[in-house]
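> kindly return the folded structure for what I paste below:
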Amino acid sequence: MSGVNRNFLAAVGTVETLAQNGGNLLSPWNPNPNNDIDSLTTFQGSIFVGGSFNTVDDFNGSPVLRSQIAEIRPDGSITNWQPNVSLNDNVLSILADPENVYFGGNFTSIDGRPRSSFATVDRIGNLK
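Next comes the predicted model:
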């Protein structure tokens, strides 16, 4: 985008920030997931993403292990929130509220416990 490489996820900002930035990507924000992002939602200053990735980069470019779902801050930092979605498939939808994150997809387990295609995890990362 705009001559800048971004893998699977990019931030472009509002019309105002694009105008201030000459229509270019917001940089250096680059979570660089190592595979597809299939769903995204924002809530209270966080960006929740789901897909078929197993790493995302933090704000300094270091890969952080995250299995199919991650919480990213606007500054590019990766939060400690880390439910363990099974690696057998991906997260296709995601929604967050003040207490929980809900997600659906083709997975069969979370944290080694059976969950067929839908799960709820609290904001600490505990399976509900």
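
> for the chain, give me the ranges with low pLDDT.
The chain contains residues with pLDDT under 70 at 1-29, 84-88.

> at which residues are the strands of it located?
With strands called from DSSP state E, the chain shows them at 37-43, 46-51, 55-57, 63-65, 69-72, 91-96, 100-105, 109-110, 113-114, 118-122.

> the fourth one pairs with which strands, parallel or anti?
Same thing as strand 63-65. According to DSSP bridges, strand 63-65 forms sheet pairs with strand 55-57 (antiparallel).

> which residues are in contact with the one residue sitting closest to the centre of the chain?
Closest to where the C-alpha atoms of the chain average out (Cα atoms, centre = their mean) is residue 49, at 2.4 Å. When contacts are counted by Cβ atoms under 8 Å, 6 or more residues apart in numbering, residue 49 touches 9, 31, 33, 37, 39, 40, 56, 69, 70, 72, 94. (C-beta placed from N, C-alpha, C; glycine too.)
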